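# sequence and predicted model, in that order:
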Amino acid sequence: MDQSVAIQETLADGEYCVIAVQGVLCEGDSRQSRLLGLVRYRPESGGQEHALFLYTHRRMAITGDDVSLDQIVPVSRDFTLEEVSPDGELYILGSDVTVQLDTAELSLLFQLPFGSHTRTFLQEVARACPGFDPATPDPEFRWLSPYRCPEPEPEPPTPQSWNSAPGTWPGRARIGGGGSSSDELRPNGKGLPVDQSSWGQNKPENSLSRQNKSKSEITNMVRSSTITVSDKAHILSMQKFGLRDTIVKSHLIQKEEDYTYIQNFRFFVGTYNVNGQSPKECLRPWLSHDTQAPDVYCVGFQELDLSKEAFFFHDTPKEEEWFKAVSEALHPDAKYAKVKLIRLVGIMLLLYVKQEHAAYISEVEAETVGTGIMGRMGNKGGVAIRFQFHNTSICVVNSHLAAHTEEYERRNQDYKDICSRMQFCQVDPSLPPLTISKHDVILWLGDLNYRIEDPDVEKVKKLIEEKAFQTLYAYDQLRAQVAAKAVFEGFSEGELTFQPTYKYDTGSDDWDTSEKCRAPAWCDRVLWKGKNITQLSYQSHMALKTSDHKPVSSVFDIGVRVINEELYRKTLEEIVRSLDKMENANIPSVSLSKREFCFQNVKYMHLQVESFTIRNGQVPCQFEFISKPNEEFYCKQWLRASPSRGFLLPDSAIEIELELFVNKTTATKLNSGEDKIEDILVLHLERGKDYFLSVSGNYIPSCFGSPIHTLCYMKEPILDLPLETIRELTLMQLQTEDNGSQLEKPMDIPKELWILVDYLYRNAIQQEDLFQQPGLRSEFDHIRDCLDTGMIDNLSASNHSVAEALLLFLESLPEPVICYSAYRNCLECSGNLAASKQVITALPACHRNVFTYLMAFLQELLKNSAKNHLDDNILASIFGSLLLRNPAGHQKLEMAEKKKAQEFVHQFLSPG
């Protein structure tokens with residue numbers, strides 16, 4: 001996931017986030033997650049300056065609302081960022097990278113994830129460091145002055161005063177971990193700590209030699225290890241090798257069987273839904289039940305933390321607790337090294353290998369996909385780690401899919417979302433991201449939540465008591481969905497010879513005796529896909545009683561391709577000799593199966609895909625879609641080519657998909673006619689010519705993406721209006737009060753909003769998990785069409801789908817319910833209900849009516865909290881970010897001020 005997009009939303013005009021990486025700030029025993037963004041600014045005087053922006057953040061940093069600026073470190077002449085090896089830690093290729101950031105008075109230690117993205121980040125930071133030409137003026141960083149902590153008696157900021165006033169700027173800002181509070185770092189509780197130790201002209205005498213040292217080392221920060229044969233894919237795919245070595249790599253992959261042999265390694269794969277509990281018992285009965293020590297451990301958890309803090313934010317102490325419990329319970333007959341830990345809210349995956357195998361692990365990448373409400377909440381979703389073991393690519397996925405017996409279609413949707421959205425960066429940034437399916441071996445574990453269809457709970461329990469598992473398996477939802485090829489196509493699962501692992505009374509082996517009396521089910525599963533895989537065991541572990549689930553394990557022998565060094569060198573020599581015979585003067589040429597693409601009847605948030613084939617001639621070539629003159633991107637925002645660049649061997653071909661998707665960012669201008677489904681793509685061949693592709697189509701206007709006042713004037717469904725009328729109403733300016741317009745009197749609120757809220761009021765007032773559980777994609781399409789055509793009598797969808805449609809409707813408004821102009825006033829009067837009501841009263845009538853209407857609806861929901869389990873904090877968190885948004889293009893606020901926005905909405909949730 002590209003988290004630089006979230007950072008970019010927080011920056012001022014002229015500031016650009018070059019790249020971002022998620023890391024862990026280490027201070028003593030403290031470990032705190034941080035998002036590091038390299039930000040560039042080009043002063044009017046010429047040249048460019050950089051600073052490292054450090055953010056606290058939610059685990060899924062998708063928008064600027066998910067991050068909060070914590071500290072800024074200017075990239076000055078005395079700035080260094082060097083890799084270090086912590087004392088006592090086992091060095092392995094594929095482990096996290098530890099780097100130390102130093103300025104004259106600041107020193108911070110970070111752990112960054114191993115992989116191509118971190119390498120690219122460190123290389124960009126290296127390039128950003130100022131040069132050593134004495135004729136080049138020192139960076140002044142005047143553009144950072146708005147971020148600095150305010151003084152009681154501010155003076156005009158100059159570079160000299162920044163460095164000569166110790167009380168103005170904290171020389172070293174403590175972040176977390178004992179000592180200073182945030183208010184101590186921020187005078188009057190405001191402002192931001194910025195390291196300014198290098199902002200003046202006075203430099204320590206040794207700074208130049210120190211920087212010279214770091215510049216020589218910073219060019220290859222990730223690992224400086226001896227290149228072994230097993231690293232060939234890692235080395236050959238590094239960007240510096242260029243086209244020739246890309247060809248070598250491609251030929252090596254084709255001839256892989258000529259220089260590799262299969263060797264079996266033992267993999268332990270385990271999954272455990274811990275129901276928000278801390279570890280209370282030793283995990284060895286689960287993790288070390290076999291006499292033979294596994295070569296690789298893949299251990300997954302779900303529901304690690306069920307608290308609201310973990311749900312809406314990112315950190316949880318449970319991560320460290322369960323990590324320690326697992327590390328202490330690994331097989332006693334071997335020593336293991338942790339390769340990777342990845343977590344999304346309560347879904348965590350750990351990867352360990354025996355120490356002797358560590359040198360053969362490479363290309364480690366980890367990613368997360370949240371499938372909760374609006375695709376953002378991480379209470380459901382998946383995490384994955386991919387890596388190269390010897391010469392075999394392996395992907396391990398841990399997922400927690402949607403709950404409840406009747407929701408199997410949403411589980412199917414969650415699975416498909418994880419498969420389509422989980423993408424891993426490759427070492428060579430010119431290559432497209434890897435998906436889950438692009439691996440030799442896939443291991444999928446987790447609480448998949450598929451249930452047993454038989455409604456008779458007692459019958460299910462009787463079959464379990466008789467150990468008639470195969471009879472019971474006939475009613476298993478996952479079996480039925482796999483048979484229908486709805487999910488996990490091509491995957492295998494071992495025979496279920498153990499009783500269902502859900503649901504038990506915590507601390508016992510007794511089935512659920514709560515009021516809900518959940519039926520037993522095989523929720524916790526392990527599946528696999530690939531060649532040379534033999535399952536040795538598949539079982540549950542009844543001895544562990546911490547949770548209402550039982551842990552499950554599966555042990556595999558997996559055949560991994562290991563390189564014969566002598567044969568590898570021989571194959572490599574043959575490839576190089578054949579390449580030497582090629583004529584470098586040849587110009588690459590390709591043929592395209594199609595050059596004109598027409599997307600008919602494009603609708604809001606409905607993906608359309610057109611594909612074509614690029615067929616190469618006799619010369620290897622690299623292709624890429626490039627931007628047109630005076631344009632920043634190669635295509636408009638609603639379009640994407642996948643892959644957008646790549647490499648083709650002679651006589652080979654590749655299929656390119658053009659994906660068209662209209663969302664909240666692009667819908668308004670398409671509604672108004674300011675934009676159209678028209679674009680020209682330029683396909684460029686390295687050392688060859690350009691090819692031009694034409695994209696056209698028509699967009700079906702929608703209430704989604706339309707302004708509130710526009711919809712209030714549309715008394716007919718939007719699709720019953722002429723396009724010119726839609727255009728005029730969409731472009732109409734918002735008026736605070738009636739200005740004597742000749743237009744008819746508008747409706748009090750948009751009819752589309754009334755339809756959605758009325759449906760929920762009549763059908764979902766007591767619905768459990770409302771606004772926290774996503775709906776079905778197909779049902780959203782149906783809801784959108786009913787709203788746009790006015791055929792509300794045909795509206796038939798699940799409560800969760802209608803609830804998510806309401807949130808998507810509010811998110812799509814180009815001007816939020818509380819207008820941008822009122823945003824600052826709302827923050828200032830948060831906590832003062834009387835003043836807050838005055839702000840609402842001053843809103844334009846249509847916006848004021850919508851806010852009042854929504855608050856009345858939310859109050860009705862809270863009256864039924866005993867049934868729907870909603871509370872005012874959940875609703876304030878969900879609706880606060882939708883009703884009250886920062887003005888577009890303005891700097892995003894700190895977490896404390898975002899909480900003020902939620903507090904503002906919270907005030908109106910109590911009747912009266």
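It's in. Numbers count the residues shown, from 1 in each chain.

# so residue 575, which of the three states?
Following DSSP: H, G, I helix; E, B strand; the rest coil, residue 575 is assigned to helix.

# distance of it from residue 255?
As defined by Cβ to Cβ, to the nearest Å, residue 575 lies at a distance of 7 Å from residue 255. Bear in mind the C-beta positions are built from the backbone N, C-alpha and C, glycine included.

# where along the stretch 451-600 of the chain do the helices fall?
When assigned using DSSP state H, counting those that start in this stretch, the helices of the stretch 451-600 of the chain occupy the ranges 457-465, 469-473, 477-483, 565-580.

# what of the stretch 1-150 of the chain?
Remark: helices of the stretch 1-150 of the chain, listed N- to C-terminal, are 4-8, 116-128; assignment by DSSP H, counting those that start in this stretch.

# so which of those gets nearest residue 840?
Distances from residue 840 to each of those were compared using Cβ to Cβ; the minimum, 29.2 Å, belongs to helix 4-8.

# CA atoms of that closest one as CSV?
Output in CSV follows, covering the C-alpha atoms of helix 4-8 (Å, rounded to 0.1, in the frame of the first residue of the first chain):
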residue,chain,number,x,y,z
SER,A,4,2.7,8.5,0.7
VAL,A,5,-0.8,9.4,-0.5
ALA,A,6,-2.0,9.8,3.1
ILE,A,7,1.0,12.0,3.9
GLN,A,8,0.6,14.1,0.8
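
# flag every buried residue along that helix.
Counting neighbours by 16 or more other Cβ atoms under 10 Å, one finds that the buried residues in helix 4-8 are 4, 6-8.

# Throw those into CSV and include pLDDT and distance to residue 50, thanks.
Formatted as CSV, the buried residues of helix 4-8 follow (pLDDT from 0 to 100; distance: Cβ to Cβ, whole Å):
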residue, pLDDT, distance to residue 50
4, 80, 14
6, 82, 19
7, 89, 13
8, 87, 15
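
# can I get those in JSON lines including distance to residue 817?
Shown next, in JSON lines, are the buried residues of helix 4-8 (distance: Cβ to Cβ, whole Å):
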{"residue": "4", "distance to residue 817": "29"}
{"residue": "6", "distance to residue 817": "23"}
{"residue": "7", "distance to residue 817": "26"}
{"residue": "8", "distance to residue 817": "25"}
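
# please identify the most buried of the helices of the stretch 451-600 of the chain.
Of all the helices of the stretch 451-600 of the chain, helix 477-483 carries the top mean neighbour count, a mean of 18, counting by mean count of other Cβ atoms under 10 Å.

# do you know how far residue 693 is from residue 625?
Applying Cβ to Cβ, the value for residue 693 to residue 625 is 9 Å.

# and residue 37, by the same measure?
Between residue 37 and residue 625 the distance is 26 Å, computed by Cβ to Cβ.

# how about residue 716?
For residue 716 relative to residue 625 (Cβ to Cβ), the value is 41 Å.

# who has more neighbours, the two?
Taking residue 716 and residue 625 together and counting by other Cβ atoms under 10 Å, residue 625 has the greater number of neighbours (20 against 10).

# how much space between the nearest residue to the more buried one once chain neighbours are set aside and residue 423?
Closest residue to residue 625 apart from its sequence neighbours, by Cβ to Cβ, 6 or more residues apart in numbering: residue 634 at 4.2 Å. Applying Cβ to Cβ, the value for residue 634 to residue 423 is 18 Å.

# same check on residue 604?
Following Cβ to Cβ, the distance that separates residue 604 from residue 423 is 24 Å.

# ok, longest helix in the chain?
Longest among the helix segments of the chain by residue count, using DSSP state H, is helix 845-863.

# can you give me the strands for the stretch 601-750 of the chain?
608-616, 621-626, 639-642, 645-648, 653-660, 678-685, 690-699 (DSSP state E, counting those that start in this stretch).

# among these, which comes closest to residue 730?
The stretch from these with the least distance to residue 730 (Cβ to Cβ) is strand 690-699; that distance is 12.4 Å.

# what's the closest one in contact with?
Among residues not part of strand 690-699, those counted as contacts by Cβ atoms under 8 Å, 6 or more residues apart in numbering are 590, 592, 595-603, 612, 626, 635, 639, 658, 660, 662, 670-671, 676-685.

# got it, and stretch 898-911?
Judged by Cβ under 8 Å, 6+ apart, the contacts made with stretch 898-911 from elsewhere in the structure are 65, 68, 826-827, 829-831, 833, 836, 840, 851, 855, 858-859, 862, 872-873, 875-877, 879-881, 883-884, 893.

# check which residues of it are buried.
Within stretch 898-911, the residues scored as buried using 16+ other Cβ under 10 Å are 898-909.

# then stretch 810-827?
Neighbour-count burial for stretch 810-827 flags 810-820, 822-823, 825-827 (criterion: 16+ other Cβ under 10 Å).

# between residue 693 and residue 625, which contacts overlap?
Contact with both residue 693 and residue 625 is made by residues 681-683, according to Cβ under 8 Å, 6+ apart.

# what subset of the residues you listed is buried?
Listed as buried from these are 681-683; burial here means 16+ other Cβ under 10 Å.

# will you turn these into CSV that also has distance to residue 504 and pLDDT?
Shown next, in CSV, are those (distance: Cβ to Cβ, whole Å; pLDDT from 0 to 100):
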residue, distance to residue 504, pLDDT
681, 56, 96
682, 60, 96
683, 58, 96
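
# need the residues you listed in CSV (columns: distance to residue 538).
Converted to CSV, these look like this (distance: Cβ to Cβ, whole Å):
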residue, distance to residue 538
681, 49
682, 52
683, 48
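
# just the residues you listed now: which is nearest residue 758?
Of all those, residue 681 has the smallest distance to residue 758: 44.1 Å, by Cβ to Cβ.

# isn't the closest one right next to residue 644, touching?
No: between residue 681 and residue 644 no contact is recorded; they are 9.5 Å apart, counting by Cβ atoms under 8 Å.

# overlap in contacts, these two.
Residues touching both residue 681 and residue 644 (Cβ under 8 Å, 6+ apart) are 625, 634.
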